[in-house]
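[1] this one's structure only:
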């Protein structure tokens, strides 16, 4: 790096001096009109002079900085010429003051306006065009993975929004760090001064991903550590996009990514188990808890910080009484595990009254599903495990109004494969686990490698 | 008039007072205010959060207890390949190592390093397996794990685990107890101490071993150390009686047994009221549990009831002691509410000293013995809806060298690798861990890590975190100070948490 470049890099520091000093001068100019601030008057000319001199230095350093080629376009030239005008006008201001105070007052407004515009443009160059207002209009923080389907455009709907929120600030039309632009397909393909940023189908050889994955404290890490970082889901999306060929027009369906992609991305950002309501709840009645304990029902808060309860019925021999007693704790009970118990379809009526339930294990039981309709009031239910029961597809459809369900398990039940499509349509947000996974027998499974005969 | 005068005096006094409040006064006041604020937050971090559920304290040491925060995982299955599998023939694909095959190991890799058996200058040994990328996550898996290659999208790989112990015993102890020396409680013991047991008829912490031997570190890797002994792992056998010495003596029926246990416990309880020794409670709980386990353990440890397609899936044969049987049992135990299942399999120590310990013979057989079963475990948990709340961890106590072992400076009769501490692979699945993810990377020959390095402490901290614990706060007072699993180290590997 040449000495000139280093001097140029002082620009972001120096610009704050004329801004502060000139604003102070202008404030004094107007205040000194009042009787009690007249005392400020003699200082004004000195202050403006200082402001003008620092503005001059800002112009010089600014010019040197713009020469490194990372900045381009209209914004820079506007910023440059307005900066120069502010400097010249500041010197002019000193001269006008010596002539007429009234004229000076009017003139000060012109300087203030130009100064503000110049400063804003400078800010836009450093932080990105819409830095000031982005919080007002857009909210692209949480990507809605659940909305991914076959029609989702890999680049336009998934990749581009990430680049826009995390990369554009430094790699766009007006600012091109490393001579790289990421704001349009042709620029992405062209790469920057270190060559191409991505190699289709080869994540390992794509510099973009390399940089994202470097440790945060390394200089080559992108985005720079003081800037907002990509979430792991976002990195994952970029990786998958490149792995699938970095196409700019294909949809998720065409790339055959839908199911697995959704599944994997979901595991990267959703608190997939253990949902508990945000609102606090009253303390559970201890006498009821102790009574349940006598029945060998396991009752415990979901965590030390919470009053919500988790209940396991595996050791109790008296499910009917336990469920009746649990009604008194219906506000607090959020998780219920009745797996491997003798719970029956009749019992489900009382389970359905525990309306705060978010996780419910009914797996490994003799349920036929007849009573399943009683679970309809469980509108907060997210996880429902019915595997290893005799539940039918028809019984399951009676729960179709439970749209909060995200995880539904019907492996080894009376649910038929032909019914799965309809069930998936009824539980749109749910990942349905129903099939028997098979780990096939391979010849090598039973053959041992032996010592070669010598 | 008088009234007005008094007012004036009052006002003057008031002004006088104001004048007494100086700038110093102001600074002093603000400083002490800030100090009080800081002190408050300091105290806040010392005292435990106001424990709302005080009614949940119980004299039963295995009563279920809440974790620090809301957990992602409810149970853990830890598959430990004792002897240390070779990452270079399973997951860590290093084509560049092939190019160096047979050449002398460069001095830079040997200077200042100590190995268990390598002496002098060993030769490099290329990967003894071909690799391919699998799944959406494009993870590299060797030909010796054809089944597992179908499961990579469920798994997070830790490619750069580093330990500081190059002998089996200490390294296994470090992995499971957080200390290379004897005497610390094992991870399963800590978890049972923290969470209790969901199923009062089964132990909270079960250990299953296969491969013909216990791990080198002995039973201390599932011991309870200084924690009450009720938290130690219960070793169950998959052949014969699952738990030794559990059967009633001849001619003693169950009622008599129950009556005698009740009588003994009554006396024990009197004793406890006098002395307050927690070991008495442990003893009482163990009697109770042993009584319940007489029925429940043989039931859960019997895999005959499993349907044939499950046996086909795992490759299990009922009635035989095998790693596959143990892995299936682990699933059954977790399904019944057991917190922590540790599966040890001995025989992975592929030095190349005989054909069973050869990288290109015995090691392949070991891979085949675990491949189908561990793949089946992931898919079986998944289909049962248990994978999201069960954390599966797989690994050894260290890795194996990119160099071929030359014991005492002489060539070994078979291809083998020495113990290697600087980088090896582990994987985790389920329990809120990312799917299809790889954390950490090793250099071109797999000798040391270049990014994402983690230690056994970090793995332990992460496991505890998934169960809802802050590993720095799960402590036990012993010898005058609080102890914890991760000692003074450990950082949760947030990169792998979904």
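    Okay, I see it. Since we're looking at a predicted model, the values are computed, not measured.

[2] OK, contacts around residue A:126?
    With contacts taken as C-beta atoms under 8 Å, 6 or more residues apart in numbering or on different chains, residue A:126 has the following neighbours: A:12, A:175. In short, each C-beta sits where N, CA and C put it, glycine included.

[3] Helix or strand: which one has it?
    Secondary structure here is read from DSSP states H and E; on that basis residue A:126 sits in helix A:101-127.

[4] Let's test this: mean pLDDT of that helix, rounded?
    Helix A:101-127 comes out with an average pLDDT of 90.

[5] which parts of that helix are buried?
    Of the residues in helix A:101-127, those buried by neighbour count under the rule 16 or more other C-beta atoms under 10 Å in any protein chain shown are A:104-105, A:107-108, A:111-112, A:114-115, A:118-119, A:121-122, A:124-125.

[6] Next: stretch B:301-320.
    Judged by neighbour count (16+ other C-beta under 10 Å), stretch B:301-320 contains these buried residues: B:301, B:303, B:306, B:310, B:311, B:313, B:314, B:315, B:316.

[7] the helices in chain B, which residues?
    In chain B, the segments counted as helices under DSSP state H are B:2-20, B:23-46, B:95-99, B:168-177, B:187-195, B:254-275, B:278-300, B:308-314, B:323-335, B:362-383, B:456-466.

[8] Quick one, which of those gets closest to chain A.
    Go through these one by one with C-beta to the nearest C-beta and the one that ends up closest to chain A is helix B:362-383, at 3.5 Å.

[9] Show me how far the closest one is from its chain's centre.
    Here helix B:362-383 is found 19 Å from its chain centre; the criterion is C-alpha atoms, centre = their mean, to the nearest Å.

[10] just stretch A:60-74 next, same as before
    For stretch A:60-74, the distance from its own C-alpha centre to the chain's C-alpha centre is 33 Å (C-alpha atoms, centre = their mean).

[11] Span of that stretch from start to end?
    End-to-end distance for stretch A:60-74, by C-alpha to C-alpha, to the nearest Å: 19 Å.

[12] Also stretch B:210-230?
    This stretch, stretch B:210-230, spans 24 Å end to end (C-alpha to C-alpha).

[13] Could I get the buried residue list for that stretch?
    Of the residues in stretch B:210-230, B:210-211, B:214-217, B:220-225, B:227-230 count as buried by neighbour count, 16+ other C-beta under 10 Å.

[14] What mean pLDDT does it get?
    On average, the pLDDT along stretch B:210-230 is 91.

[15] starting at the chain centroid, how far to that stretch?
    Per C-alpha atoms, centre = their mean, the displacement of stretch B:210-230 from the mean C-alpha position of its chain is 13 Å.

[16] ditto for stretch B:299-319
    Going by C-alpha atoms, centre = their mean, where stretch B:299-319 is centred and where its chain is centred differ by 26 Å.

[17] Just want the phi and psi numbers for residue 227.
    All of this refers to chain A. Torsion angles at residue A:227 (phi, psi; degrees, to the nearest 10) stand at phi -90, psi 170.

[18] do residue A:212 as well
    Its backbone dihedrals place residue A:212 at phi -60, psi -30, with angles given as degrees, to the nearest 10.

[19] got the contact list for the residue nearest to it when sequence neighbours are not counted?
    Across the structure, with C-beta to C-beta, 6 or more residues apart in numbering or on different chains as the measure, the residue nearest residue A:212 apart from its sequence neighbours is residue A:235 (5.4 Å). The contact partners of residue A:235, taken as C-beta under 8 Å, 6+ apart, are A:209, A:212, A:213.

[20] ok, back up a step: with distance to residue A:264 added, can I get the buried residues of helix A:101-127 in JSON lines?
    Supplementary listing: those in JSON lines, determined by distance: C-beta to C-beta, whole Å:
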{"residue": "A:104", "distance to residue A:264": "66"}
{"residue": "A:105", "distance to residue A:264": "65"}
{"residue": "A:107", "distance to residue A:264": "63"}
{"residue": "A:108", "distance to residue A:264": "60"}
{"residue": "A:111", "distance to residue A:264": "57"}
{"residue": "A:112", "distance to residue A:264": "54"}
{"residue": "A:114", "distance to residue A:264": "53"}
{"residue": "A:115", "distance to residue A:264": "51"}
{"residue": "A:118", "distance to residue A:264": "47"}
{"residue": "A:119", "distance to residue A:264": "45"}
{"residue": "A:121", "distance to residue A:264": "42"}
{"residue": "A:122", "distance to residue A:264": "42"}
{"residue": "A:124", "distance to residue A:264": "37"}
{"residue": "A:125", "distance to residue A:264": "38"}
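
[21] remind me which residues of the stretch 251-400 of chain A are low pLDDT?
    Along the stretch 251-400 of chain A, segments meeting pLDDT under 70 span A:257-260, A:262-263, A:266-274.

[22] Of the contacts of residue A:235, grab the buried ones for ChimeraX.
    Selecting just the buried residues from the contacts of residue A:235 in ChimeraX takes one command, with 16+ other C-beta under 10 Å as the test:
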select /A:209,212,213
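
[23] Residues of the stretch 101-250 of chain B that sit close to chain A?
    Proximity of the stretch 101-250 of chain B to chain A, by C-beta under 8 Å from any C-beta of the partner chain, involves residues B:135-138, B:146-147, B:150, B:153, B:196, B:198-201.

[24] which among those end up buried?
    Members of those that pass the buried threshold by neighbour count (16+ other C-beta under 10 Å) are listed as B:135-138, B:146-147, B:150, B:153, B:196, B:198-201.

[25] Please convert those residues to JSON lines, extending it with pLDDT and distance to residue B:246.
    Written out in JSON lines, the entries for those read as follows (pLDDT from 0 to 100; distance: C-beta to C-beta, whole Å):
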{"residue": "B:135", "pLDDT": "89", "distance to residue B:246": "43"}
{"residue": "B:136", "pLDDT": "86", "distance to residue B:246": "47"}
{"residue": "B:137", "pLDDT": "87", "distance to residue B:246": "44"}
{"residue": "B:138", "pLDDT": "89", "distance to residue B:246": "49"}
{"residue": "B:146", "pLDDT": "96", "distance to residue B:246": "39"}
{"residue": "B:147", "pLDDT": "97", "distance to residue B:246": "35"}
{"residue": "B:150", "pLDDT": "95", "distance to residue B:246": "39"}
{"residue": "B:153", "pLDDT": "93", "distance to residue B:246": "41"}
{"residue": "B:196", "pLDDT": "93", "distance to residue B:246": "22"}
{"residue": "B:198", "pLDDT": "91", "distance to residue B:246": "21"}
{"residue": "B:199", "pLDDT": "90", "distance to residue B:246": "17"}
{"residue": "B:200", "pLDDT": "87", "distance to residue B:246": "16"}
{"residue": "B:201", "pLDDT": "88", "distance to residue B:246": "13"}
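
[26] Out of these, flag the one nearest to residue A:225.
    The closest of these to residue A:225 turns out to be residue B:137 (C-beta to C-beta; 26.6 Å).

[27] what's the distance between the residue nearest to the closest one when sequence neighbours are not counted and residue A:149?
    Residue nearest to residue B:137 in three dimensions, not counting chain neighbours: residue B:436, with 3.2 Å by C-beta to C-beta, 6+ apart. As defined by C-beta to C-beta, to the nearest Å, residue B:436 lies at a distance of 20 Å from residue A:149.
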